[in-house]
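K.L.:
give me a 3D structure for the following:
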Amino acid sequence: MKTIRPFFQSLPLLTAGLLALAPAARAQDAGGGATLTLDLGTPGAKVSPTLYGLMTEEINHSYDGGLYAELIQNRTFKDNATTPVHWSVVQKDGGNGTIALDNSQPVSGTALTTSLKLTVTNAGEGVGIANDGYWGIPVKPSTTYKVSFYAKQSGAAAGPLTVSIQSNDGATVYAQAQTPAPTGDWAKYSATLTTGADVQPLNGRFVIAAGAPGTYWFNLVSVFPPTFHDRPNGNRPDIMQILTDMKPSFLRLPGGNFLEGNHIADHFPWKQTLGDLSQRPGHNGCWGYRASDGMGLLEYLEWCEDLNIQPVLAVYAGYSLKREHVNPGPDLQPYVDDALDEIEYVTGDTSTKWGAVRAKDGHPAPFPLTWIEVGNEDGFDASGSYDGRFAQFYDAIKAKYPNLKLIATAGGKDPLGHREPVTKRTPDAFDEHYYRSAGEMESDATHYDNYSRTGPKTFVGEWATREGRPTTNMNAALGDSAWMTGMERNSDVVVLASYAPLFVNVNPGGMEWFSDLIGYNTLSVYGSPSYYAQKMFSTYLGDTLVPLTAQGVPTQPWQPRGRKGQPPPPPRQAPVLFFSATRDSKTGTIYLKAVNAAKSAETVSINLKGASHVSPDATSVVLSSANPTDTNTLADPTKITPVTSKISGIGTTFSETLAPYSVNVLQLSAQ
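P.N.:
Numbering: from 1, shown residues only. Just a heads-up that it's a prediction; the model follows:
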């Protein structure tokens with residue numbers, strides 16, 4: 001996920017009736033009306049059943065502090081080498097104690113090498129350690145939290161430890177329990193905490209307190225609230241539900257830059273993310289914070305299973321963000337072998353080495369897998385090594401798994417692909433990434449109209465209209481929707497597409513990349529206008545394209561952005577409307593998408609050519625706002641959401657008025 005500046009081509013205003021250019025800034029349109037013809041008598045191409053999916057990576061606290069339900073931040077005390085960040089001493093009524101990191105007390109047989117030492121000199125009414133979570137520990141009514149941790153103590157026999165969730169000042173305890181007194185040897189302790197029905201949602205802290213003087217050590221302190229489908233080590237139910245509502249078809253994992261890491265040593269270490277949490281050391285992330293790897297490879301796959309979707313598995317291909325690369329040949333072979341092991345972990349039966357490891361991890365059944373992506377954004381590799389690296393991965397994977405489809409991350413028609421062509425092997429698809437303004441997205445809505453229908457397919461693995469922060473605004477939703485009409489009209493070529501970034505923690509310091517799809521804090525989650533636009537496109541999707549043409553499309557002035565260091569091109573007129581249409585071959589339902597990027601209402605005359613019978617009743621779904629900078633927030637999460645209504649008077653010809661700044665779906669029944 002690197003900032004990509006678009007390159008511009010000379011595009012026709014109308015290509016086979018498919019609309020292109022639109023404004024970067026909203027201006028008064030020139031008026032007039034459009035006529036749209038849907039050719040129901042001509043069979044269209046098949047729509048890719050995997051068109052709309054999800055892209056994920058550890059950015060903006062997407063997992064730790066986001067989807068992954070763990071509430072304790074810095075649970076293994078490795079986030080900072082010198083200071084126990086997010087931990088503090090609790091001293092009550094005369095108590096006195098200190099805390100410090102200690103690397104001399106590893107938990108034998110685990111990856112837990114750094115512990116937190118609590119020295120209690122005077123117990124008073126209790127001395128302990130407190131964790132502030134990810135911008136707070138969420139306290140909710142009638143909720144049960146599962147607590148676990150490793151502990152040991154030195155000195156005289158101590159009493160039990162008290163665990164609690166309490167207010168940040170310690171004045172109010174919302175839930176409390178005790179664990180047995182620790183001994184001189186490491187042991188794992190657990191407890192459950194249940195809040196009362198009268199608790200009001202708020203943020204607090206988690207505390208482990210000792211009642212006697214002595215020295216105590218702690219490690220892998222964990223607190224889990226209820227999870228989606230009650231999975232151990234699972235995900236937040238509210239965030240999983242908002243994903244479920246999108247009806248995605250795949251999950252690209254484990255992400256873009258997060259796969260690569262800043263350095264070769266920091267790439268996603270999938271083997272170290274398996275098994276019990278005590279065996280996961282975590283690793284350096286690439287967005288300013290350490291990854292716990294609680295969200296490991298199996299958890300990604302179970303995430304797919306819970307959403308009933310397939311993984312698009314990206315394997316590390318020997319290139320990292322700081323321009324470090326591994327040369328093809330013997331140096332690269334260990335990484336190729338590692339990728340083959342990873343694929344075996346996902347797909348192998350229990351008779352295979354890594355299939356047996358997966359079964360030991362708790363999932364005997366293999367996971368479905370169709371697509372493998374080799375690397376991420378390798379067009380940035382100025383060494384020219386990707387062609388050879390891709391060929392080496394291609395040969396090894398195809399030899400063992402001939403039915404798997406491989407995606408190249410350089411060599412396509414996108415800006416990155418122009419840097420480094422892939423010629424030694426032909427991939428099944430190229431991955432293209434686009435981050436743009438609304439006007440740039442709209443101006444390139446015909447991008448895929450002239451792509452070859454016989455060459456490799458296209459995976460738009462990362463794309464977004466970058467307007468609004470921390471989540472997108474209505475203007476971004478219009479740019480996104482215009483772009484999606486182009487992908488949808490060409491979904492015989494664009495077989496997979498996923499917006500990025502998917503998540504952002506909206507607390508101060510939680511965001512590294514603005515204009516994100518879904519925002520949240522500890523207590524709530526909401527979808528941006530772009531989220532609802534994507535939900536509309538993925539929910540209302542047929543299996544066959546309906547050919548369409550448009551005439552008389554109103555236009556408005558548009559000022560293209562010039563290249564860096566060059567004056568901008570002269571302004572030109574550009575259309576304000578964008579369309580796509582698909583049909584469900586089983587039910588006959590037609591889904592007509594229409595985007596109005598103008599600030600005035602636009603009336604479109606619609607002709608259902610070749611229809612023998614049309615139901616007079618239809619359904620309209622509209623996402624709109626009076627101001628394109630309007631957005632959703634935690635305080636007003638549903639300011640912009642789709643509105644569904646019934647309409648009548650539909651025939652072989654009819655008119656529909658599109659609201660200003662709107663994304664529209666018409667569900668029609670015709671034969």
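K.L.:
list phi and psi for Ala130.
P.N.:
phi -130, psi 140 (degrees, to the nearest 10).
K.L.:
for it, report the pLDDT, please.
P.N.:
With respect to pLDDT, Ala130 has a value of 98.
K.L.:
can you list the low-confidence ranges for the stretch 151-300 of the chain?
P.N.:
The model of the stretch 151-300 of the chain has pLDDT under 70 over residues 155-157.
K.L.:
which segments of this protein make up each domain?
P.N.:
Under the assignment automatic domain parsing, the domains of the chain span 14-46+546-669, 52-65+230-537, 87-224.
K.L.:
so which of those domains is the most surrounded?
P.N.:
Most buried of these by mean neighbour count (mean count of other Cβ atoms under 10 Å) is domain 52-65+230-537; its value is a mean of 21. Placement of C-beta: from N, CA and C, glycine included.
K.L.:
spell out the secondary structure type for Leu666.
P.N.:
strand (DSSP: H, G, I helix; E, B strand; the rest coil).
K.L.:
and Val663, how far from Lys646?
P.N.:
Distance from Val663 to Lys646, counting by Cβ to Cβ, to the nearest Å: 19 Å.
K.L.:
by average pLDDT, which secondary structure element in this structure comes out worst?
P.N.:
strand 14-15 (a mean of 31; mean pLDDT, DSSP states H and E).
K.L.:
show the average pLDDT along stretch 400-411.
P.N.:
96.
K.L.:
pull the residues that contact it.
P.N.:
Here stretch 400-411 makes contact (Cβ atoms under 8 Å, 6 or more residues apart in numbering) with 312, 317, 340, 343, 347, 369-379, 381, 386-387, 390, 393-394, 397-398, 416-417, 419-423, 427-431, 456, 459, 461.
K.L.:
got it, and stretch 326-338?
P.N.:
264, 270-271, 315-319, 385, 388-389, 391-393, 396.
K.L.:
so for the nearest residue to Asn596 once chain neighbours are set aside, what's the pLDDT?
P.N.:
Distance criterion Cβ to Cβ, 6 or more residues apart in numbering; nearest residue to Asn596, sequence neighbours excluded, is Leu658 at 4.0 Å. At Leu658, the model reports a pLDDT of 97.
K.L.:
same question, Asp381
P.N.:
So, for Asp381, pLDDT stands at 94.
K.L.:
give me every residue that touches it.
P.N.:
The contact partners of Asp381, by Cβ under 8 Å, 6+ apart, come to Tyr319, Arg323, His325, Ala410, Glu420.
K.L.:
now swap in Thr114 and tell me
P.N.:
Neighbours of Thr114 in contact, by Cβ under 8 Å, 6+ apart: Thr76, Phe77, Lys78, Leu101, Asp102, Asn103, Asn219.
K.L.:
ok, the second one - how many residues close by?
P.N.:
Counted with other Cβ atoms under 10 Å, the burial measure for Phe77 works out to 26 neighbours.
K.L.:
skipping its backbone neighbours, what lies nearest Ser164 in space?
P.N.:
Gln176 (4.2 Å).
K.L.:
tell me if I'm right that the one you found and Pro160 touch.
P.N.:
No: using Cβ atoms under 8 Å, Gln176 makes no contact with Pro160, being 11.7 Å away.
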